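1. need a 3D model of the sequence below.
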Amino acid sequence: MLDRDTRHALEMSPSPGDGDDGWLTSYLDVLTLLITLFVLLLSLTPPGGGEAADTAFMRSASAVSSLPLATLATGIQPRHAGLQPQFDGLSIPGVSVSQGREGVTLRIDTSLLFPSGQAVLTPQGRGVVESLIGVLTSFDGQISVEGHTDSVPISTARFPSNWELSSARAIAVVRHLERQEFNISRMRAVGYADTQPMEPNATADGRAANRRVELLLRQQVEGE
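-> Take a look at the predicted model:
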């Protein structure tokens with residue numbers, strides 16, 4: 001005979017199959033997640049797998065690493081990237097070519113164009129401007145002629161400040177092109193005075209670099 005305490009313990013013991021099955025639910029959840037992850041990874045793998053997948057990844061990485069920094073930042077190619085090759089062979093003393101965000105710039109030292117403090121083209125200056133006509137004719141975009149000065153103030157009856165001097169020099173270049181029967185309908189003349197220096201104005205060389213006329217060639221983009 002079993003005593004009362006023993007019978008009570010046996011009656012309270014769970015029967016087989018009545019235990020806690022929470023571990024099974026957790027196991028099935030983890031298994032489902034693993035299968036979903038496997039299917040997702042499989043869908044991202046190129047057909048053929050193995051070496052084909054590695055090659056595709058390396059090709060993508062190589063393409064991204066070869067892009068210019070500006071292109072990676074903006075997601076588009078510079079709109080004027082195709083202009084520079086047109087001017088690579090340009091060789092005119094005193095004229096330099098550079099590529100920027102706005103387009104291609106033809107930069108001319110004003111010592112080749114004007115006497116100090118003046119806005120009348122010298123014979124040498126007229127020759128320099130005329131030597132650009134062939135290049136400008138082959139370009140069908142917008143052309144901005146921009147005058148720049150150093151920071152040395154000017155105050156004359158004709159040029160009260162560097163604003164008037166820089167603007168007059170830009171206009172003189174446009175007018176001379178017009179006299180050579182160049183179509184100026186797509187040109188504009190702008191004066192920036194000393195607001196856009198290339199070099200510090202603290203030295204003579206810096207001031208000389210800042211005295212310049214620039215022709216900015218900007219390709220017209222459809223929709224603008």
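2. what's near enough to touch V128?
-> 92, 94-95, 108, 112-113 (C-beta atoms under 8 Å, 6 or more residues apart in numbering). To be clear about C-beta, it is placed using only N, CA and C from the backbone, and glycine gets the same treatment.
3. ok, so of those, who is nearest R186?
-> I108 (19.3 Å; C-beta to C-beta).
4. mind checking which of the contacts of V128 are buried?
-> Among these, the ones that count as buried by 16 or more other C-beta atoms under 10 Å are 94-95, 108, 112-113.
5. which residues of this protein score low on pLDDT?
-> Applying pLDDT under 70 to the chain flags the ranges 1-27, 41-90, 220-224.
6. all strands of it, in order?
-> 95-99, 104-109, 142-148, 187-191, 212-218 (DSSP state E).
7. buried stuff in the first one?
-> In terms of neighbour count (16+ other C-beta under 10 Å), strand 95-99 has its buried residues at 95, 97.
8. could you work out the most separated pair of the buried ones among the contacts of V128?
-> Maximum distance among these (C-beta to C-beta): 10.6 Å, for V95 and L113.
9. how close does the closest residue to D109 other than its chain neighbours get to R212?
-> Nearest non-adjacent residue to D109, counting by C-beta to C-beta, 6 or more residues apart in numbering: G94, 5.2 Å away. According to C-beta to C-beta, to the nearest Å, G94 stands 10 Å off from R212.
10. any shared contact partners between the two?
-> 108-109.
11. touching, G191 and A172? I think so.
-> No. Here G191 lies out of contact with A172, judged by C-beta atoms under 8 Å, at a distance of 11.0 Å.
12. neighbours of A189, how many?
-> 21 (other C-beta atoms under 10 Å).
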